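Peer 1: Okay, here's the prediction I keep looking at, along with the sequence it came from:
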Amino acid sequence: MKKFLSVLVAACIVMVAPSAADEAKPNVLQVADYLDYEWVRNPQISPDGKQVIYTRQRVDKMKDKIAPTLWIINTDGTNNRQLMDGAGALWSPDASRIAFVKPDADGRPQIYTRSMDASGLVTQVTSFEYAPSAMEWAPDGRSIAFVARVAQKSDWKITLPGRPEGAKWTEDPVIVEDLHYRQDRVGYTNTGYDHLFVVSAEGGTPKQLTSGNWNVGMRRIGAIAFPARLSWSPDSRRIAFDGAGKPIESPYWFESHIHVADVATGAMTTLTTGRGTYGEPAWSPDGKLIAFTGYETHERLYHVDNLYVIDAAGGAPNQLLTGLPDGPGNLHWAANSKTIYFAMDKEGDRNLHRVDLRGNMAEVTTGDHTVAFASLSNTGVAATVVSSPSVPDAVAIVANLDRKPTLRTITDVNADLLDGKTLGKVEEVWYDATAETGETARVQGWIVYPPDYDASKTYPLLLSIHGGPNAMYDTSFDFNYQEFAASGYVVLYTNPRGSTGYGEDFANAIDGRYPGPVDYADLMAGVDLLIDRKIADPERLFVTGCSGGGVLTTWIIGQTDRFKAAAALCPVVNWIGMSGTTDVAAWLYTFFEEPFWVDPKPWLDHSTIMHVGKVKTPTLLMTGVEDLRTPLGEAEEYFAALKYRGVPTKLVPMVGEYHGTSSIPSNYLRTSLMLRKWFEEFDPAKKAAAADPAP
C-alpha cells in the first residue's frame, strides 16, 4: 500500500514521492474493503445432484444492511448466475419448484414458491403476521411445514374505570409471567409461542398442528436457542420436530423432546422420555427410524450432544455415539437408511463424518478448514460451505461420501476483491498452560501475521478472545483479523479452557469459576509464547473480545496491567445484576452451585466489577443499545467505576445493535476503526512517533 506524506507550506501542497520501502509494501485488505466483501450461505443441492441454489449476501451501501440474493450454479461449477432476490431456498422433491422466504409488500417475511421452468412463476404461500421459519417440503411435494408465532395474551387482567368513549389512553403493558420472556434480536417473546403449521404448496390457509404455552424448537444449549428442526415421514403423513411439548417448569428450563405430529388429525406423540435436552430429528428414508441428538439432564455447565436413533413408532432409543469432541449436527440419512452423515467440530476444524447403525464412525472430509453441511442429494452428493484461514466461504461439493470422498469448491465470490491482495499468514500453534491452581492444559491457537511480516522485528499484539464461554474459534477465514494484521498488528486468537471441540472435560474446566484462573492462564500463556518467540513486543500488548470475550477482557485487566489498552465489547461485569436482565437467565443460574441468595460469594468473586479497583488499563467499552444478552447496563456499570477511579475510558452504546456491535455494515466499520483508534492512543510507539515526527 502506497503512502503519501502531504505537507501544507505557504498555502501550497507539496507532494513527497513514496520511498522504496513504501513501494515494496504489499497491497493488503483495508477496513473499507468490507463494503465489497460477500458471503455464501445455505447451499441446497437439487435432488438429482446437478445444481445448487445458494444465498449470496453483500453489503447494501445505500441501506446500510446485508442484502441477500438467490443464485444457482451447476455442481461442476458452470453457469453460475443470479436467480432472484430472497434467501433460504429449498428444492421441492421433484425439483420443479423452490420455496424461499422474502418480505411481502408490508415488509413481513413470507414463504413463496417459484417454478423452475421457463415461466419462473412466483406464488406467495403465506400471509402471516409473524415470520415463518424452519420450513420443510413434504416428500410428496404437496405441502410445506413451517413454524410461526401464535399470539397469546395474558388472562391476568384488570378493568380501568372511567375511560370516556373514544378516549386515547396508553395501551396496556405486557404482563410478564415466564422466566424467558425476551430474546436477543427478537424482543419480547411472551406475546405468543412458536407452533407447527402445514400449508398447501399452492397457498391457502395454514393448518396449525400444535398449540399450548410452549415452543416448537427453541432447544437451548448454553446461551444459544436453536431453531426448530422439522422432518417429514416418507409417506408425508407425519412430521417429527423438537420442542418442550408442554409448559416449562422450574428447574427444567432446558428440557426439549422429540415429537411426532399426525398431519391429518394433529395428534402428537412424544418419543423421548424422562428429563433431557433432545433435538434435530431426521427421519430415515425407509420410514422406520428417527435420528436425533441430545443428552439427559445434567448438572454440568456444558454437555456434548450424543447421537441416537429411535423407532419411529416409539420405544427405547439406541445411543450410537457418545463422548465426542463436540456434538454432531446437521444430520442427513443416506438413501439406503443405513448411514447417517453429520458435521462435527474438533480442535478448531469442522468436518463431515458418517456413522452406521452399529455406531461405527468414520471421517468423510479431513483438513484444517470448516465444512458447514447444508444438504444432501438423492444421489449422495453433499452441498456445503467451506472456509479456511486464507480462503473465504465458498460453496463446495462433496462426492463419494462412502468411498474416497472428494471436496471441490465451485464458487469464489470474493475473487475480485482479493485479486492482487496479500493476506497475512495464519499459523496454528499449540502450547502448555498452567493455572495458579496447578492445573495444566494443552491449548490451541492461531497467529495472524502482518502481510509484510519481518522476523527481525517485534510487533504490537492484539489478543482476541471468543465469546460463549462454551464456543470455539475455528479455521475459517476472518476478515477482521486479516485487516487488523494488514494495519501492522500480530493477532492471536486461542481456545482456552471452557472452549468446545475438545471434549466435555475441557469445556467444563471453568464450571463454577468463570471467569477465573484457568482461562486466564491459557490466554496469558499464549501471549507469553509470542513474546518468547520474539514475535510480539511486550510493551505493545492489546486485548479485546465480545460477550464472553468481553467478560475475559475485563477479568484480565483486573489481574494484570501488562496490556497498554483494552476494548471490552458487550461485556458482563456483574453476574447477580445480569441474572434479572438477560435473555438467558436460566442458563446463568447454572454457572454456580447455589443461587446468589444462598451463597453470593462465587457470584461476586467472579464478577469483574468486584476487581475494578485494581484496573489501571485504559479501557474502551462498547455494547449494542438493543442488547438483551449482555445488556448495555453491564458496560455502563463498569464505565462508571473506571470513570470514578480516573482510569481512561470511553463508553460507546452502538445504535441499532442487539448482541454484538457489527451486524450493521457501518457499525462494523465503526467497531474496527474505534478499536484501532483506542489502541493507537495508548501505543507507546505511536505516541513516541507523534511526539517526534520524522522531518
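Peer 2: In hand now; what should we look at? What you see is a predicted model, and the numbers here were worked out from it, not measured in a lab.

Peer 1: Against Lys687, how distant is Ala382?
Peer 2: With the distance defined as C-beta to C-beta, to the nearest Å, Ala382 ends up 53 Å from Lys687. For glycine as for every other residue, the C-beta is placed from the backbone atoms N, C-alpha and C.

Peer 1: Could you do Val40 as well?
Peer 2: 43 Å.

Peer 1: Which one's more surrounded, the two?
Peer 2: Taking other C-beta atoms under 10 Å, Val40 and Lys687 do not tie; Val40 has more neighbours (24 against 13).

Peer 1: Test my guess that the more buried one contacts Ala396.
Peer 2: No: counting by C-beta atoms under 8 Å, Val40 does not reach Ala396; the two are 9.7 Å apart.

Peer 1: what's the overlap in contacts for the two?
Peer 2: With contacts defined as C-beta atoms under 8 Å, 6 or more residues apart in numbering, the residues shared by Val40 and Ala396 are Val385.

Peer 1: Show me the beta-bridge partners of Ile397.
Peer 2: Ile397 forms beta bridges with Ala383, Arg408, as assigned by DSSP bridges.

Peer 1: One more: Gly187?
Peer 2: Gln183.

Peer 1: any idea of the pLDDT on it?
Peer 2: Predicted confidence (pLDDT) for Gly187: 76.

Peer 1: With Ser115 instead?
Peer 2: Looking at Ser115 specifically, the model assigns a pLDDT of 96.

Peer 1: which residues does it contact?
Peer 2: Contacts were defined as C-beta under 8 Å, 6+ apart; by that measure Ser115 touches Ser96, Arg97, Leu121, Val122.

Peer 1: could you flag which of the residues you listed are buried?
Peer 2: Burial of the contacts of Ser115 was assessed by neighbour count (16 or more other C-beta atoms under 10 Å); the buried members are Arg97.

Peer 1: Mind checking which of the contacts of Ser115 are in strands?
Peer 2: Secondary structure assignment by DSSP state E places Arg97, Val122 of these in strands.

Peer 1: Trp678 looks like it's in a strand, true?
Peer 2: No: with DSSP: H, G, I helix; E, B strand; the rest coil as the criterion, Trp678 is located in helix rather than a strand.

Peer 1: show me the contacts for it.
Peer 2: Applying C-beta under 8 Å, 6+ apart as the definition, the contact partners of Trp678 turn out to be Ala565, Ala567, Pro618, Leu620, Lys650.

Peer 1: backbone phi and psi for Ala641, please?
Peer 2: As for Ala641, its main-chain torsions (degrees, to the nearest 10) stand at phi -70, psi -40.

Peer 1: State the distance from it to Gly549.
Peer 2: With distances taken as C-beta to C-beta, Ala641 is found 20 Å from Gly549.

Peer 1: who's more crowded, these two?
Peer 2: Per other C-beta under 10 Å, whichever of Ala641 and Gly549 has more neighbours is Gly549, with 25 against 17.

Peer 1: Quick check: that one touching Gly467?
Peer 2: Yes: under the criterion of C-beta under 8 Å, Gly549 is in contact with Gly467, at a separation of 5.1 Å.

Peer 1: and Pro251, what does it touch?
Peer 2: Contacts here follow C-beta under 8 Å, 6+ apart; on that basis Pro251 touches Ala586.

Peer 1: From Pro173, how far out is it?
Peer 2: Using C-beta to C-beta, one obtains 28 Å as the distance from Pro251 to Pro173.

Peer 1: Now do the same for Met84: its pLDDT.
Peer 2: Reading off the per-residue confidence, Met84 sits at a pLDDT of 92.

Peer 1: make that Glu129, sorry
Peer 2: Per-residue confidence (pLDDT) for Glu129: 79.

Peer 1: I figured it was touching Pro109, is that so?
Peer 2: No: counting by C-beta under 8 Å, Glu129 stays clear of Pro109, with 10.7 Å between them.

Peer 1: Can you pull out the low-pLDDT segments for the stretch 1-150 of the chain?
Peer 2: 1-24 (pLDDT under 70).

Peer 1: cool, the chain as well?
Peer 2: Across the chain (using pLDDT under 70), the flagged ranges come out as 1-24, 222-223, 693-695.

Peer 1: Helices of that one, residue ranges please.
Peer 2: For the chain, the helices defined by DSSP state H occupy 20-24, 415-418, 479-486, 504-507, 517-532, 548-557, 575-578, 585-588, 601-605, 632-645, 665-681, 684-691.

Peer 1: of those, which approaches Asn330 most closely?
Peer 2: Asn330 sits nearest to helix 504-507 of all these, at 20.3 Å, using C-beta to C-beta.

Peer 1: Report the buried residues of that closest one.
Peer 2: Within helix 504-507, judged by 16+ other C-beta under 10 Å, the buried ones are Glu504, Phe506, Ala507.

Peer 1: now stretch 436-452
Peer 2: Going by neighbour count (16+ other C-beta under 10 Å), the buried part of stretch 436-452 is Ala441, Val443, Gln444, Gly445, Trp446, Ile447, Val448, Tyr449, Pro450, Pro451, Asp452.

Peer 1: about what we covered before: neighbour count for Glu129 and Pro109, which is higher?
Peer 2: When Glu129 and Pro109 are compared on other C-beta under 10 Å, the one with more neighbours turns out to be Pro109, at 18 against 11.

Peer 1: That one and Arg58, how far apart?
Peer 2: Applying C-beta to C-beta, one obtains 19 Å for the distance of Pro109 from Arg58.

Peer 1: same check, this time on Glu637
Peer 2: Applying C-beta to C-beta, the value for Glu637 to Arg58 is 38 Å.

Peer 1: same thing with Gly266?
Peer 2: Gly266 sits 42 Å away from Arg58, going by C-beta to C-beta.

Peer 1: Show me the beta-bridge partners of Pro653.
Peer 2: On DSSP bridges, the residues paired with Pro653 through beta bridges are Thr623.

Peer 1: Give me the neighbour count for it.
Peer 2: The burial metric for Pro653, expressed as a neighbour count using other C-beta under 10 Å, is 16.

Peer 1: Verify the stated contact: it with Asp627.
Peer 2: No: distance between Pro653 and Asp627: 9.2 Å, which falls outside the contact criterion (C-beta under 8 Å).

Peer 1: residues in contact with Ser284?
Peer 2: Under the criterion of C-beta under 8 Å, 6+ apart, the contact list for Ser284 reads Ile290, Ala291, Val309, Ala312, Trp333, Ser337.

Peer 1: And it, how far from Met344?
Peer 2: When Ser284 is compared with Met344 (using C-beta to C-beta), they lie 20 Å apart.

Peer 1: and what of Pro392?
Peer 2: As defined by C-beta to C-beta, Pro392 lies at a distance of 22 Å from Met344.

Peer 1: Those two: which is more packed in?
Peer 2: Between Pro392 and Met344, Met344 has the larger neighbour count (other C-beta under 10 Å), namely 25 against 21.
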